[in-house]
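Visitor: Pasting a predicted model and its sequence here:
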Amino acid sequence: MATEEIVKEALFKVGGLVEPPYFVGREAELERLCNDARDLTQSNLILAPRRFGKSSLLHNIKKQLQDEEQLLIPYVNCREITSYADFHRVTVAALLSEYESKTRVAGLLEAFRFVLKERVLRAVQRVEEIGGSLSEVGRVYLRFREQEVEDTELARAAFRFFRSFAEEKSVRVVFLLDEFQEVAGFNGFLFNLFKKELDEVPNVRYFFSGSSMRMLSSIFLREDAPLYLMVSRHYMEPLRENTVADFVRQRLAIAGLAITNPAVQLLHALTGGIPYYIQKLGVLVVQSAFLRSTTKITVSQVRDGFDAMLEELDSEFEVRWFARFSNQQRTIVKTLAQLGEARMKDIAAEMRVQRYDISSAVNRLRDMMILATKSDGSYYVIDCVFAAWLNKP
């Protein structure tokens, strides 16, 4: 196969939403979550560090269920939500957009956007023309524009709309709320509304996704948390070695390439089974094979590809390193990257401080899903590629 034809095959996909054949190793969890969505069995919390494929998992849930009749699956990126007004605007628009896409009925989303931006008098006229549940949620927004109600009323109105719209159109609704940690800083009012809806509304469910243990703890896990025991928790693990080996071999075979057992084992070890890095390193080792005019990928090519990947990620990691962490956190993470794994007392000893001096910062790093703990209580850096970058000379 010619190189140009191979490139068109897209052996690996780096970044963006990933579908089969690039989306692998999640079949069992995808099936379970799809069953929950299809039957409205329960709401779910999907938790994983960055680059583990949370958004792709949500995307594949939506894709797999796209032919289900009377089931709407609106997707919301919570990074767009910084206020109750945003919550109202983004979630209502997502539901209307999904309905129009599923039913080929047009005009509802346009009418809602008209209410959001047009002059009040014209918007009032349009609201009266719309009728139904959309008319009601539009009226509340106009009252907010006229400063007749607080912004919290917008959130309340949005939830009323979800319920009324589902009944009005005889549909079931599963909201996919990605990056939910972005709204974790909201006061308890929003989460109490979620609790009420989860308790009382049988035809609307929510799949929350995020990358913060603090979110899990403060919103879902603690006994005093507003959504305690209200959702099923699902933690995404790294991909297993055999899954990675099968995937890599199948993709390479398309281009007439093979990889040795030690090389594919090393590829898994260096990437830690994190999907994004597997795809990226896959691209680089294929490029290396073309340049060397070889059909077999060896350990040395995987190591060279990994070094090249670290170089490509250098700027991104550097920005992340200085923008995201305090001085103490940087010292802890770098120390742990060098040690590989260690208990807190050993980290403190290496830093020449007392354990209590770093316990708060270590717990915060665990909340941020930078660190994780093993069954023996030792800590490690979750992103082993980031840890390898920290250990570069």
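Guide: The structure has been received and is ready for your questions.
Visitor: Could you pull up phi and psi at Leu47?
Guide: Note on Leu47: its backbone torsions stand at phi -120, psi 130 [degrees, to the nearest 10].
Visitor: So which residues of the protein form strands?
Guide: Along the chain, the stretches classed as strands by DSSP state E are 44-47, 71-72, 75-77, 172-178, 204-210, 232-235, 258-259, 296-297, 371-373, 379-381.
Visitor: For Arg163, which of the ones you listed is the nearest?
Guide: Proximity to Arg163 (Cβ to Cβ) singles out strand 204-210 among the strands of the chain, at 6.4 Å. The way it works is simple: take the backbone N, C-alpha and C, and place the C-beta from them, glycine included.
Visitor: Might you report the residue contacts of the spatially most central residue of the chain?
Guide: Nearest to the geometric centre of the chain sits Lys54, at 3.6 Å (Cα atoms, centre = their mean). The neighbourhood of Lys54, defined by Cβ atoms under 8 Å, 6 or more residues apart in numbering, consists of 46, 48, 178, 209-211, 236.
Visitor: Of the residues you listed, which is the nearest to Glu100?
Guide: Nearest to Glu100 among those is Asp178, at 20.6 Å by Cβ to Cβ.
Visitor: partner residues bridging the closest one?
Guide: Beta-bridge pairing for Asp178 (DSSP bridges): Asn77.
Visitor: State the pLDDT value of it.
Guide: Confidence at Asp178, expressed as pLDDT, is 96.
Visitor: same check, this time on Thr3
Guide: At Thr3, the predicted lDDT confidence score is 47.
Visitor: Look up how far Arg126 lies from Ala111.
Guide: According to Cβ to Cβ, to the nearest Å, Ala111 and Arg126 sit 6 Å apart.
Visitor: Name the residues contacting each of these two.
Guide: Gly138.
Visitor: Let me see the ranges of the helices in the stretch 1-150 of the chain.
Guide: Assigned by DSSP state H, counting those that start in this stretch, the helices in the stretch 1-150 of the chain fall at 3-9, 27-39, 54-64, 84-103, 108-117, 120-130, 132-145.
Visitor: can you redo those as a markdown table with distance to Tyr356?
Guide: Shown next, in a markdown table, are the helices of the stretch 1-150 of the chain (distance: least, Cβ to Cβ, whole Å):
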| stretch | distance to Tyr356 |
| --- | --- |
| helix 3-9 | 55 |
| helix 27-39 | 39 |
| helix 54-64 | 34 |
| helix 84-103 | 39 |
| helix 108-117 | 51 |
| helix 120-130 | 58 |
| helix 132-145 | 48 |
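Visitor: mind checking which of the ones you listed is nearest Leu17?
Guide: Leu17 lies closest to helix 54-64 among those, at 4.4 Å (Cβ to Cβ).
Visitor: Show me which positions of stretch 130-146 end up buried.
Guide: Neighbour-count burial for stretch 130-146 flags 130, 133-134, 136-142, 144 (criterion: 16 or more other Cβ atoms under 10 Å).
Visitor: could these go into TSV alongside distance to Asp346?
Guide: Below are the buried residues of stretch 130-146 laid out as TSV (distance: Cβ to Cβ, whole Å):
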residue	distance to Asp346
Ile130	64
Ser133	59
Leu134	59
Glu136	60
Val137	56
Gly138	60
Arg139	61
Val140	56
Tyr141	56
Leu142	61
Phe144	55
